[in-house]
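>>> My questions concern the predicted model and sequence given below.
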Amino acid sequence: GRTEATEFDITSKFGGRLELIAVKEGDKVETGQTLVRMDTRELEAQLRRAQAEVRRNEQERSFAVAVISQRKSELSLARKDFERSKGLYENDSIALEQLQRDETAVETARATLAAARAQLSNAEAAIEAAIADTELIKTQIDDSVLKAPVNGRVLYRLAEPGEVLPAGGKVLTVLDPADVYMTLFLPTQKAAQLSVEADARIVLDG
């Protein structure tokens, strides 16, 4: 037979350069212990840029809110002018052209208000997208720190600091000594004589 233990490959989720490997072959590790750290300088720059984009879009949202307030005032004034012009026109105090100009001013003010509201919606959507970008980059930075999944021992060290790994590149193999098993190879005739939970005597080569 062959005695084996469960192995865990410590791999990079994203491609990048290895900055630190904190263990060597044979070292004991504990669950959650930091084993590997990838270089995150490029990700940190992307995070700062995404955070700046959030702030810029927030300023655009504030500007859009102010514009909406202004456009509402303009629409209210245009409506008052139009109502006043209607009364004057009915009394033959102004010409039809003046009434039509005031009516057009109301429609124009209404259209500009709708455009300002659309600008606000665009700014809010841009904020949500920028926040999502920052959260994604933060997750990638967190995933750049590789930790031990179990209490175990480092079996293989497959890379060194400074190397550039692809996504899924192996860095370490950790052995779980608490999960050891043996695979037995028996002739068919003897295997047929065994039953579940039968006793066995194992003699190790050592």
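Cool, the structure landed. Numbering: from 1, shown residues only.

>>> from here on, contacts and neighbour counts on C-alpha atoms
Will do.

>>> all strands of the protein, in order?
2-11, 16-21, 28-29, 34-38, 145-147, 152-157, 164-165, 170-183 (DSSP state E).

>>> Each with direction, which strands does the fifth one pair with?
When you say that, I think you mean strand 145-147. The strands beside strand 145-147 in its sheet (DSSP bridges) come out as strand 34-38 (antiparallel).

>>> In this structure residue 109 contacts residue 71, no?
Yes - taking CA atoms under 8 Å as the contact criterion, residue 109 and residue 71 are neighbours in contact, 6.7 Å apart.

>>> picking that back up, would you turn the strands of the chain into JSON lines with mean neighbour count and distance to residue 116?
Converted to JSON lines, the strands of the chain look like this (neighbours: other CA atoms under 10 Å; distance: least, CA to CA, whole Å):
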{"stretch": "strand 2-11", "mean neighbour count": "15", "distance to residue 116": "49"}
{"stretch": "strand 16-21", "mean neighbour count": "18", "distance to residue 116": "44"}
{"stretch": "strand 28-29", "mean neighbour count": "18", "distance to residue 116": "59"}
{"stretch": "strand 34-38", "mean neighbour count": "21", "distance to residue 116": "45"}
{"stretch": "strand 145-147", "mean neighbour count": "19", "distance to residue 116": "45"}
{"stretch": "strand 152-157", "mean neighbour count": "20", "distance to residue 116": "59"}
{"stretch": "strand 164-165", "mean neighbour count": "18", "distance to residue 116": "48"}
{"stretch": "strand 170-183", "mean neighbour count": "17", "distance to residue 116": "53"}
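
>>> pLDDT at residue 60, what is it?
pLDDT for residue 60: 92.

>>> any idea how far residue 54 is from it?
Relative to residue 54, residue 60 is positioned 10 Å away (criterion: CA to CA, to the nearest Å).

>>> Give me the more crowded residue out of these two.
When residue 60 and residue 54 are compared for neighbours, residue 54 comes out ahead with 23 against 19, by other CA atoms under 10 Å.

>>> which of the residues in stretch 126-146 are buried?
126-127, 129-131, 133-134, 137-138, 140-141, 144-146 (16 or more other CA atoms under 10 Å).

>>> what's next to it, contact-wise?
Outside stretch 126-146, the residues within contact range by CA atoms under 8 Å, 6 or more residues apart in numbering are 10-14, 34-40, 43-44, 46-47, 50-51, 53-54, 57-58.

>>> any chance of the buried residues of stretch 126-146 in TSV, plus distance to residue 22 and pLDDT?
What follows is those, written out as TSV (distance: CA to CA, whole Å; pLDDT from 0 to 100):
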residue	distance to residue 22	pLDDT
126	40	94
127	39	94
129	36	94
130	34	94
131	33	95
133	30	95
134	28	95
137	24	95
138	22	95
140	20	93
141	18	94
144	14	93
145	11	95
146	10	95
